[in-house]
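Undergrad: When you get a sec, could you give me coordinates for this:
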Amino acid sequence: VFRADKKDPWRSAEIVIPEQAMLDFSTMVFLPNLGSRLIQLNWSIHFAPSGGGKRTEIWSSSEFLKPPSGGGWRSSTIDLSNIAGQRGQFLFRSNGSEDSPSKVPMELLAAFGNPVVYVANDTRPNVLIISIDTLRRDRISPYGGDPKLTPNLGALAASGITIERYWSAAPWTLPSYATLMTGEYPSTHGAGRVQMEGGANRGVVGIADGIPSLVRNFDEAGYATQAFFSNGHLNMPSGVENGFDGYNWYGLTGRSATQQFHEWTASLNGRPFFAMVQMTDPHWPLVVPTRFESIQEAPDPDSVPSLETDAMRLFQKGVPEEDRENFTRLYEVLVEYMDARVGEVLSSLEKRGLRENTLIVFHSDHGEELWDHGNWWHGHTHHHELVQVPLIFSFPNVLPAGTRIDGDFRGPDVLPTLLDLAGLWPIERELEGVSLAHLLTGEDGNPPPPALHESQLYGPGGDLALTSWPWRLIYQPIGEHQNDDTYLNVDSEVMLFNVEEDPLELVNLADKEPKQRDKMLAAARKFQEQAASRKLGKSTPTKMGADADAGLSVLGYVDDE
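TA: Reported below is the predicted structural model:
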């Protein structure tokens, strides 16, 4: 967003206008304290050739602004065929007419936003990430779940590649998505750490200001970039929003996301897009939408007393035994509801004629413990039910259909792989993430390094885990939780599992395999130190707005008191 006036028009960088080029931009008028004055506002965009020469007006518009006019972005698209092949700059102007009934008030700000030149009928692939918050892999059919619960995910997997072992970088939302968007581990990007000052909790910090988003690579390549999300941790802002043209918090049900996505794709005019549709339907508070509940065999929430309990208190005190079966069934019904919404997104692509040229990634930020290790919720351990999550790629006629890869993918590797498949790789700077496109296309290449896991939400801190197949090491600091977010009697536990032989991580081999334990613990600490040494800039506490605060409260992260 920028300010422009008659004396000092905003100028773009120099650009050579390609054939079949289009200019896409938005305008917005801010009209605080306008009173009853009537104003004629003139907009114009000119193209100034490099080295001088006559400027070409490529767009102009005039409008009378009468209170309460203004507010909201309006998008426009211009055909640039009349200046194709020329090098120069765009000049953007907005000003009040000389014959306006009154002068333009100082409070008026008429702004252009997000001007992008792109080629009409661009054949580069669209990229869509469908990401589900708090989704266990064992509840969806591509990973052995009941096919009746997730028929759309079953069909998506049949059209593409299922990754057998995908490891999230963190067991909760913010650091996991920060890793997805930056290609870096939490120790590098910094997001998700709880910042303490003078014994007080100042909040969870976002991505360090020197760590760029990989979404910007799509944006700078002319892609339309848009996110539709519902978890309040992503709405503060936290840095996860960097690189997106639009970043829309839509509430708590996936149907709103699918509707907004369908409307947005209608406005693209053939421009390729990078989009993320994020849904939180399987997340607490486990409320089944009324219309869906009426056709499913869902437990009556009134029969589950625990559902009336604050999530944090319930997590600390425990879910009563008699409620656990109903808890689990409600979770599964919401997985089924989520699958239906995924089907709507896929149907939207089909209706728009976009499916054949869209690379789809289905992904989860983390899982959910359903008493696998004696507890419920997420963010408190690095066991497999929280960090081994679904990952499916589907790209018709490019990636083989109905296949599985018995290999390892890590959180930092996802966007580098997407950039590679879209033809935008390599990038200039070094990342912890690597492209694994060769694994998807059957070409030779190196396997990824071991997977690091860190940044728990709950606990004294200092946690980490390392996955180097078939071994998993978890270093878990433990302590007695106090009400003021401090811990007493802090100790630690080291766990080692051979997950090929013990996939549920029930047999701790740390004492029986001391050499393997010590080797992996040393490697995990070295890996974490290397990640921390790469951090650029500062991480600052995310600031909640009213929407984010309300969203987190509903999701169970903010105590009502």
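
Undergrad: How about residue 204: which residues does it bridge to?
TA: Here residue 204 sits in beta bridges with residue 194, going by DSSP bridges.

Undergrad: Just confirm it contacts residue 542, I think it does.
TA: Yes - with contact defined as C-beta atoms under 8 Å, residue 204 reaches residue 542; the gap is 5.8 Å. Heads up, the C-betas are built off the backbone N, CA and C, glycines and all.

Undergrad: Tell me the residues that contact both of those two, please.
TA: 174, 233 (C-beta atoms under 8 Å, 6 or more residues apart in numbering).

Undergrad: quick one, helices of the stretch 151-300 of the chain?
TA: 151-158, 173-182, 186-189, 215-220, 254-265, 290-293 (DSSP state H, counting those that start in this stretch).

Undergrad: Would you reformat those helices as CSV and include mean neighbour count?
TA: As requested, those are exported to CSV (neighbours: other C-beta atoms under 10 Å):
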stretch, mean neighbour count
helix 151-158, 20
helix 173-182, 30
helix 186-189, 28
helix 215-220, 20
helix 254-265, 19
helix 290-293, 13
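
Undergrad: weakest of these by average pLDDT?
TA: Least confident of the helices of the stretch 151-300 of the chain, judged by mean pLDDT, is helix 290-293 with a mean of 74.

Undergrad: list the buried ones in the helix or strand just after it?
TA: Using DSSP states H and E, the next helix or strand after helix 290-293 towards the C-terminus is helix 311-317. Buried residues in helix 311-317, counted by 16 or more other C-beta atoms under 10 Å: 311, 314, 315.

Undergrad: Wait, the last one touches residue 369, no?
TA: No - in this structure, residue 315 sits apart from residue 369 without contact. The criterion is C-beta under 8 Å, and the distance is 9.9 Å.

Undergrad: any idea which residue sits dead centre in this structure?
TA: What sits nearest the mean C-alpha location of the chain, by C-alpha atoms, centre = their mean, is residue 177, with 5.2 Å.

Undergrad: How about that residue, nearest residue that isn't a chain neighbour?
TA: Distance criterion C-beta to C-beta, 6 or more residues apart in numbering; nearest residue to residue 177, sequence neighbours excluded, is residue 240 at 5.0 Å.

Undergrad: now swap in residue 323 and tell me
TA: residue 306 (4.3 Å).

Undergrad: That neighbour: neighbouring residues, count only.
TA: 19 (other C-beta atoms under 10 Å).

Undergrad: Show me the longest helix that occurs in this structure.
TA: The residue-count maximum for a helix in the chain (DSSP state H) belongs to helix 321-352.

Undergrad: what angle sits between that one and helix 151-158?
TA: 60 degrees (axes from the mean of the first three to the mean of the last three C-alpha atoms, to 10 degrees).

Undergrad: In helix 321-352, which residues are buried?
TA: In helix 321-352, counting by 16+ other C-beta under 10 Å, buried: 323-324, 326-346, 348-349.

Undergrad: now the angle from that helix to helix 254-265?
TA: Using the same axes, to 10 degrees: helix 321-352 against helix 254-265 is 20 degrees.

Undergrad: Can you give the strand pairings for the helix or strand that helix 321-352 is followed by, parallel or anti for each?
TA: Once the chain leaves helix 321-352, the next helix or strand it forms, by DSSP H and E, is strand 358-364. As defined by DSSP bridges, the strand partners of strand 358-364 come to strand 126-132 (parallel), strand 391-394 (antiparallel).

Undergrad: any residues touching strand 358-364, and which ones?
TA: Under the contact criterion C-beta under 8 Å, 6+ apart, strand 358-364 has outside partners 125-135, 137, 153, 156, 160, 166, 168, 180, 342, 346, 349, 389-395, 398-399, 414, 418, 421-422.

Undergrad: which sections of the stretch 351-500 of the chain are below the confidence cut-off?
TA: Counting by pLDDT under 70, the stretch 351-500 of the chain shows low-confidence ranges at 481-486.

Undergrad: residue boundaries of the helices in it?
TA: Going by DSSP H, counting those that start in this stretch, the stretch 351-500 of the chain shows helices at 384-387, 414-421, 437-441.

Undergrad: I'd guess residue 26 is in a strand, am I close?
TA: Yes - assessed with DSSP: H, G, I helix; E, B strand; the rest coil, residue 26 lies in a strand.

Undergrad: Relative to residue 114, how far out is it?
TA: Separation of residue 26 from residue 114 (C-beta to C-beta, to the nearest Å): 6 Å.

Undergrad: Tell me how many other residues surround residue 397.
TA: 7.

Undergrad: Surely it and residue 356 touch.
TA: Yes - at 7.0 Å, residue 397 counts as touching residue 356 under the criterion of C-beta under 8 Å.

Undergrad: Under the pLDDT cut-off, which ranges of the stretch 101-250 of the chain? List them.
TA: In the stretch 101-250 of the chain (pLDDT under 70), the answer is 101-109, 195-202, 235-236.

Undergrad: Confirm for me that residue 402 is in contact with residue 156.
TA: No - using C-beta under 8 Å, residue 402 is not in contact with residue 156, being 10.8 Å away.

Undergrad: and the residue nearest to residue 177, how many neighbours?
TA: 33.

Undergrad: about what we covered before: any chance of JSON lines for the helices of the stretch 151-300 of the chain, columns distance to residue 517?
TA: Shown next, in JSON lines, are these (distance: least, C-beta to C-beta, whole Å):
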{"stretch": "helix 151-158", "distance to residue 517": "36"}
{"stretch": "helix 173-182", "distance to residue 517": "25"}
{"stretch": "helix 186-189", "distance to residue 517": "21"}
{"stretch": "helix 215-220", "distance to residue 517": "39"}
{"stretch": "helix 254-265", "distance to residue 517": "42"}
{"stretch": "helix 290-293", "distance to residue 517": "47"}
